[in-house]
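**Q** Got a sequence here, can you build the structure:
(chains A and B)
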Protein chains: 2
Amino acid sequence: MRPDTNRGVTTDVSPSAFDTDLDKNAANFEALSPLGFLRRSASTYPDKIAVIHGGDTYPYGELYRRCRRLASALKARGVGHGDTVSVMAPNVPAMLEAHYGVPMLGAVLNALNYRLDAPTIAFIMEHAENKVLITDREFSPVIGEALKQSKAKPLVIDIDDALAEGGELLGEKDYEAFLEEGDPEFEWSYPADEWEALSLNYTSGTTGNPKGVVFHHRGAYLNAVGNAIMFGLNSATIYLWTLPMFHCNGWTYTWAVTAAAGTHVCLRQVDPALIFPMIEEHEVTHMCGAPVVLNMLIHAPDELKREFAHGRIEIATGGAAPPSAVIEGMERMGFRVTHLYGLTESYGPSMLCAYQDGWEELEIGERAALMARQGVNYLTLERYDVVDRETLEPVPADGETIGELVLRSNTVMKGYLKNRQASDAVFQGGWFRTGDLGVKHPDGYVEIKDRAKDIIISGGENISSLEIEEVLYKHPKIMEAAVVARPDEKWGETPCAFVTLTDGADSVSAQEVIDFCRDNMAHYKCPKTVVFGGLPKTSTGKIQKFILRDQAKEV
Amino acid sequence: MRPDTNRGVTTDVSPSAFDTDLDKNAANFEALSPLGFLRRSASTYPDKIAVIHGGDTYPYGELYRRCRRLASALKARGVGHGDTVSVMAPNVPAMLEAHYGVPMLGAVLNALNYRLDAPTIAFIMEHAENKVLITDREFSPVIGEALKQSKAKPLVIDIDDALAEGGELLGEKDYEAFLEEGDPEFEWSYPADEWEALSLNYTSGTTGNPKGVVFHHRGAYLNAVGNAIMFGLNSATIYLWTLPMFHCNGWTYTWAVTAAAGTHVCLRQVDPALIFPMIEEHEVTHMCGAPVVLNMLIHAPDELKREFAHGRIEIATGGAAPPSAVIEGMERMGFRVTHLYGLTESYGPSMLCAYQDGWEELEIGERAALMARQGVNYLTLERYDVVDRETLEPVPADGETIGELVLRSNTVMKGYLKNRQASDAVFQGGWFRTGDLGVKHPDGYVEIKDRAKDIIISGGENISSLEIEEVLYKHPKIMEAAVVARPDEKWGETPCAFVTLTDGADSVSAQEVIDFCRDNMAHYKCPKTVVFGGLPKTSTGKIQKFILRDQAKEV
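**A** Numbers count the residues shown, from 1 in each chain, chains lettered A, B, ... in the order given. All right, here's what the predicted structure looks like:
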């Protein structure tokens, strides 16, 4: 008898003939690792274009050699198993190569969020104990300051990209010269155990110090495979890097696109003036981005937009539900939107709003409402549920009862580095607690209603700030919207809306906005206050509601 | 320091911060198992058609309930962890359902080859120690005899399929009535360990007793995922079951099609008169089969053939290289051929002849020659090589030096059941030895030249029987061909060709066949003897060369 630890039940598993002389051996068991994807694509498609960056292109054979050079050069400088290598760079080849070259040594990749400030970067470098920092010239001001503030004294290597603007070289050597130190035929090793750490991604908490989320090889392999299947990647895929590679390792597309032997099209900045022509020139098939990126494309000047002759472009979005207007706007421009859900702790995307037969015949508004839901599990996400926050028991799948979304999967992080307390707070009852509140619909689809702290309680009723935002986004003159609770003597809290108007929109009054909401949703849910202006955002583009909550108290 | 057992080298893996407080727990680690594919498809697409069988169709929700019923009913009869359940059936729903219902209990599925004779089945039942036998009415004669001959006394359940011809009911109960005993909401368990046995497939050795190849949950999960990615399966996939499900569990497509939430179209027998109309009616997108199946479709009467309006049909073939004429013939009928390679020991397909950019512009003969190669590794096959049979050192990738194809992968079997000696003979030096001889081309593609015992040595020169067969298949009047060694006083051995002519072909003389070969290949390789007639085949359709070798001595 052996307990089935996964289920909390005991199964009769007395030994049988199947437990004898059928052990693991070197021929039938190997650690799962995304490193194998690069080896395979380099061996199968050595001359196929792997990377496009500006006017430069190079094939899989060369990408593999460059990654092996990087591993070899790092090893010569003493980097080994369990050491951390940080990279501060936009979506350039060096960042992609670090996703292979660093873990080839059993070392851990720490891709830094380039929107962070110097004190936070200094904190991360100390916490991660990085031995090496590879940094793009453009970010030398903040990195220079962070190095001054930090006790960490890593070897600094500069990425001196011809497409970078400004900045200066800070380090001992340029990245290209550093690669020259390495052996392109370097013999690297698979991890001895697929549970070994692969990368370290700090979450941009809105308060407190960032937490270091640790990924392992097994999870990255599986999530990348999940991406390839769910998003339909194959060797004809041309993937444009509109999503930062530092963000959950580019939602693990850094590995997934290589698994499919597709082409990585690098992009230093999310700028419609670059994106539209690149999609056309390179015949891009797939891309990802937060809804704000989609919004930016929709609201780009008409002269930038193109008719794409090469076919429909798949775009996956997540981080917040794409409002109906965004889905509709993207479709009009020749994109198909897939709505994903995930967190850094789940290797990026782990759920998707799987399209159902018949949806295509629905009127756009109705369809968009279905598609705005976070949906169901990725093939590679074993379990999800919406549970009561106290008992962790499932809530009814009635589309109304709010609970917390919880996940269970090989594609959930190992835990937070050197932060047992934080890990224990999220691993409870056999689940990873996402902190996101939502409902489960009768069809099993999850719809996030809010982060736990973003629910507005007015007159005892729970009001979802996301629901109000969804209505606001339908207003033709509103480009961005965020709703938070505003303290109210009578109601406890009332919704306060912050809105940014589209460029060139005529002025709109607060009352017009409120009236628009009253025409489109239950009156008790409508904002009582409307504030016009820009919205404060985190370095990853998330709207900082804690700042808005402070502002809401003052208006 | 911990040895890297995979590589035979020692890596410095002294503990780091990444080894502390970052352990596996119930939320971030679960056994990989193909059973999760069904749970997900049933939950995400409960009303989507999962199975078509004759005029019956039922959706994923119902497939899941039926599988849970099966598990529950089997459990009530005492089936549990490590027990074997055998199924003797063509590609009918019960066979598919057994791929889920049996392992839901931690039990092991033994899908029987329905072309076997009674003594062999009797041997397998005793060796597998099966507790239950689920058997289709059509096979009652051979099963009735096998039960008489065998000491095994399993519970017998009949599949009384309305589409079955003849036969009688042998067992205690009909399958549908047996399902009624089970609970459609049965709470099944994941395996406690992904290394646990999932299925048991006996290889149809041409000599000696069959060997029982044991698959585990991890390998089946990965190979199914590999199929989905390599063959481009998705929720729009309509998969026609032209490949027997008993054959390596249908090359793991039993699980892969479910993973993609595609539709399984059942088919009791490989008959062009059924296949062409079914492809048209159900708008089939994908199918698999041995080259003999493709040949049968090509040589079907014209009145059976159709123009398929719904698009190109993907067909994967393996077991032997598809001759150029077969690739060309299938393309003309609207199919695209993918050439796979694998063995029962590698969960079916583990290599594929990956298509390269530019091949589409080649002349058909040149392209077919490239496509006839076994190719490169599946995404989920970690390593392959061609090695010297004595030293196990890689041979040069020169397209000429013959060695043995070896594999290393999570998708290689656990071993042979109760046959340590046979396992030890194939697991050597960190490799699984396939017994197939071939070359590695400069582009890394493997081309099988022969089974070890099928090479002809004439005047000291190695002659590949496959190479001669490839030429013979190009002859317009030859439908099937097999070449073996014939003892010769002068040369040691000479090639002897056995050929079957196409229906309605005029008679052809031996000299004409030899002349055709001399026009198309080096003269020393040409057959010296030609024999006309039908070819003896194993139960899986492989030509039995050992019988031909005996015959060759007599002619």
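**Q** SS state for residue A:321?
**A** Three states are possible here, and by DSSP: H, G, I helix; E, B strand; the rest coil the one that applies to residue A:321 is coil.
**Q** Quick one: residues contacting the nearest residue to it once chain neighbours are set aside.
**A** Closest residue to residue A:321 apart from its sequence neighbours, by CB to CB, 6 or more residues apart in numbering or on different chains: residue A:372 at 4.2 Å. In this view, the C-beta of every residue, glycine as well, is placed from N, C-alpha and C. For residue A:372, the contact set (CB atoms under 8 Å, 6 or more residues apart in numbering or on different chains) comprises A:321, A:322, A:323, A:324, A:327, A:339, A:353, A:447, A:470.
**Q** The same query, at a cut-off of 10 Å, please.
**A** A:320-324, A:326-327, A:339, A:353, A:447-448, A:466, A:470, A:473 (CB atoms under 10 Å, 6 or more residues apart in numbering or on different chains).
**Q** would CSV of those with neighbour count, secondary structure and pLDDT be doable?
**A** Written out in CSV, the entries for the contacts of residue A:372 read as follows (neighbours: other CB atoms under 10 Å in any protein chain shown; DSSP: H, G, I helix; E, B strand; the rest coil; pLDDT from 0 to 100):
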residue, neighbour count, secondary structure, pLDDT
A:320, 20, coil, 73
A:321, 25, coil, 76
A:322, 27, coil, 82
A:323, 24, coil, 79
A:324, 20, helix, 79
A:326, 23, helix, 87
A:327, 25, helix, 89
A:339, 25, strand, 95
A:353, 24, coil, 96
A:447, 24, strand, 94
A:448, 22, strand, 91
A:466, 22, helix, 82
A:470, 22, helix, 85
A:473, 21, helix, 88
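**Q** and which of those residues is nearest to chain B?
**A** Of all these, the one sitting nearest chain B is residue A:353; the distance, using CB to the nearest CB, is 10.5 Å.
**Q** Could you name the helices and strands sitting against the helix or strand hosting residue A:546?
**A** Assigned by DSSP states H and E, residue A:546 belongs to helix A:545-554. Counting by 3 or more CB pairs under 10 Å, 6 or more residues apart in numbering or on different chains; DSSP states H and E, the packing neighbours recorded for helix A:545-554 are strand A:478-488, strand A:492-501, strand A:529-532.
**Q** Just give me how far that helix sits from the chain centre.
**A** Distance of helix A:545-554 from its chain centroid, counting by CA atoms, centre = their mean, to the nearest Å, is 26 Å.
**Q** And stretch A:176-196, by the same measure?
**A** The offset between the C-alpha centroid of stretch A:176-196 and the centroid of the whole chain comes to 26 Å, using CA atoms, centre = their mean.
**Q** Which positions in it come out as buried?
**A** By 16 or more other CB atoms under 10 Å in any protein chain shown, the buried positions in stretch A:176-196 come out as A:178-179, A:182, A:186, A:188-196.
**Q** Contacting chain B as well, which ones from these?
**A** Restricting the buried residues of stretch A:176-196 to those near chain B by CB under 10 Å from any CB of the partner chain leaves A:188, A:189, A:190, A:191, A:192, A:193, A:194, A:195, A:196.
**Q** for the first one, what are its contacts?
**A** If a contact means CB under 10 Å, 6+ apart, then residue A:188 has A:35, A:39, A:67-68, A:71-72, A:75, A:100-101, A:103-106, B:7 as its contacts.
**Q** tell me which of those is nearest to residue B:436?
**A** For those, the residue nearest residue B:436 by CB to CB is residue A:39; the value is 22.6 Å.
**Q** pretty sure the closest one is in contact with residue B:383, am I right?
**A** Yes: assessed by CB atoms under 10 Å, residue A:39 is found in contact with residue B:383 at 8.8 Å.
**Q** between those two, who's got more neighbours?
**A** Set side by side, residue A:39 and residue B:383 show more neighbours around residue A:39, with 22 against 19, by other CB atoms under 10 Å in any protein chain shown.
**Q** where does that one land in three-state SS?
**A** In three-state terms, and counting by three-state DSSP, residue A:39 is helix.
**Q** who are the neighbours in contact with it?
**A** Listed by CB under 10 Å, 6+ apart, the contact set of residue A:39 reads A:33, A:60, A:64, A:67-68, A:100, A:104, A:188, A:190, A:258, B:377, B:382-383.
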